[in-house]
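Undergrad: here is my input; please provide its structure:
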Amino acid sequence: MYELHAKHHLNKKSQQQSVKGFLLKRDVGVGCVQPWECFGHASLQEHWQACKEGRETEYPILMQALACAKLDSESRHRGDSWWVNRNVPESHATITDVDSQGEEAMKRGFYTWKCKVDPASLNQIEMILRKYAEIRLRLDFNETGNVLILHEWLQSLSMSHRRRIEFIEDPVSYEEKLWNDLSHAWEIDLAVDRDYLQYSSDSMCLPIWKPAWSAQLSASSAKMIVTSAMDHPVGQAWAAFCAAECKLTNLCGLRTDHLFEINAFSEVMGEWNPKWPMIPGMGMGFDQQLEKLAWTRLR
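TA: Numbering: from 1, shown residues only. So this is what the prediction gives:
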C-alpha cells in the first residue's frame, strides 16, 4: 500500500491531507486503487479484501484498475509505450491553495485554474479574478454550495469576470432539471463529476469523467472533460491514456502530482506544467520504479 502526503487540504469536503491506496498488478500491467470515503466510496480495506476474495466486480474502482492493468500489460508485452504517437490533452492547474500555488501556476504556463471552493471562499475567487486578469477559472464545490448564495454572488460579478468562469462543478447535489435551470439562469456552464453516472444526453451540463472511478458512459459527449482522482501517478497515467483514447481536445485535469510531496513515481514525471510528460518505459512507463516495489500475492 502507499500513502500520499498533501501540502494542503485537498478539497472542501474534508480536512484530510493524506490519502492511501494500493497498486494492483495483473500479469505485467498495473492499476491504481485509491477510494475516497468522503465521497461515498467503500474503504480501502474493503477493496483490499474484495481483491483477496475475487469479488472485484462488486467495486467499480477495482474494475477500472483491472482495466488499466490489462491494457498496460498488453502494451508492455508488445513493447509499446502509451505515450508514443498518442495525443494527450493538456491540463488545467488544480489549485487547492491560491497563496502557495497561484504564482507557481502562472510561471509554469497554466492559464486555466480549477479551484477547490465553498461558499466561504467566494471572496478569494473575486480576488483571483481581479489580480490575475489572464486567468480563466473552473470552480469545484464538491456539492458544498448553496444555490441562493451562488446566485447572489454571480449576479454581483461584472460580466467580464463572470465570462472568465468556464464552469461550476458539482455546486450542489445533481438533479438534471434543476441544474439545467440553474445553468440557464446563471448563463454559465455547470459540470457534473460526483454523479457522472447519472449524466444523460438530455443534460445541458458538462460531463466530468474520472476513469479511476467508473467506466465511460455512452452518453458522454465531445464536451467531456477527463480528470484524474488526485491519485498516484499510475492513476494519473490511466486518466491521461483514457483522455487520449477519446481523442479529446478539451483542456482536462490529468496532473495532480504537484499537490503531494515528491515520490519516486512523480519524480520521473518532471516539472509540473500543462503538457503530459513522456514517461520512460513500456506501457504507461515507470518501469524502474515498479521493479523496486515489493508485491503481495492476494490469491
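Undergrad: now the longest helix along the chain: how far from the chain's centre is it?
TA: The longest helix of the chain (DSSP state H) is helix 60-78. Relative to the centre of its chain, helix 60-78 is centred 19 Å away, using Cα atoms, centre = their mean, to the nearest Å.
Undergrad: what are the buried residues along that helix?
TA: Across helix 60-78, burial judged by 16 or more other Cβ atoms under 10 Å covers 60-62, 64-69, 71-73, 75-76. Where you see a C-beta, it was placed from the backbone N, CA and C, and this is true even at glycine.
Undergrad: now H232, nearest residue through space, not along the chain?
TA: C32 (4.7 Å; Cβ to Cβ, 6 or more residues apart in numbering).
Undergrad: ok, then the element right after whichever strand or helix holds that neighbour?
TA: Here C32 sits within strand 29-33, counting by DSSP states H and E. Sequence order places helix 44-53 as the next helix or strand after strand 29-33, per DSSP H and E.
Undergrad: Y196 and A212 touch, don't they?
TA: No: under the criterion of Cβ atoms under 8 Å, Y196 is not in contact with A212, lying 11.7 Å apart.
Undergrad: those two: which has the busier surroundings?
TA: With neighbours defined as other Cβ atoms under 10 Å, Y196 and A212 compare such that A212 has more, 29 against 21.
Undergrad: and the closest residue to the more buried one other than its chain neighbours, how far from S214?
TA: Closest residue to A212 apart from its sequence neighbours, by Cβ to Cβ, 6+ apart: A229 at 4.2 Å. With distances taken as Cβ to Cβ, to the nearest Å, A229 is found 10 Å from S214.
Undergrad: these two: which is more packed in?
TA: A229 (26 against 14).
Undergrad: how much space separates the more buried one from G54?
TA: According to Cβ to Cβ, A229 and G54 sit 24 Å apart.
Undergrad: also K223?
TA: The gap separating K223 from G54 is 38 Å, by Cβ to Cβ.
Undergrad: quick one: which of the two has more around it?
TA: The neighbour comparison of K223 against G54 (other Cβ under 10 Å) goes to K223, with 13 against 9.
Undergrad: identify the bridge partners of the nearest residue to that one once chain neighbours are set aside.
TA: Nearest-residue entry for K223: L206, 5.2 Å, with adjacent residues in sequence omitted and distances by Cβ to Cβ, 6+ apart. Using DSSP bridges, the bridge partners assigned to L206 are A191.
Undergrad: isn't L206 right up against V192?
TA: Yes: using Cβ under 8 Å, L206 is in contact with V192, at 7.2 Å.
Undergrad: dig out what A6 forms beta bridges with.
TA: With beta bridges defined as DSSP bridges, A6 has these partners: F260.
Undergrad: now for it, how many residues are close by?
TA: Count around A6 with other Cβ under 10 Å applied: 17.
Undergrad: for the chain, what spans make up the helices?
TA: Using DSSP H, helices in the chain cover 44-53, 60-78, 98-107, 122-131, 147-156, 159-162, 176-186, 233-245, 264-267, 287-291.
Undergrad: mind listing what's buried in the first one?
TA: To tie it back to what came earlier, the one meant is helix 44-53. L44, E46, H47, W48, A50, C51.
Undergrad: and the fifth one, by the same measure?
TA: By neighbour count on 16+ other Cβ under 10 Å, the buried set for helix 147-156 is L150, W153, L154.
Undergrad: same list (those residues) but as JSON lines, adding distance to L24 and pLDDT.
TA: Putting those into JSON lines (distance: Cβ to Cβ, whole Å; pLDDT from 0 to 100) gives the following:
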{"residue": "L150", "distance to L24": "39", "pLDDT": "94"}
{"residue": "W153", "distance to L24": "43", "pLDDT": "95"}
{"residue": "L154", "distance to L24": "43", "pLDDT": "94"}
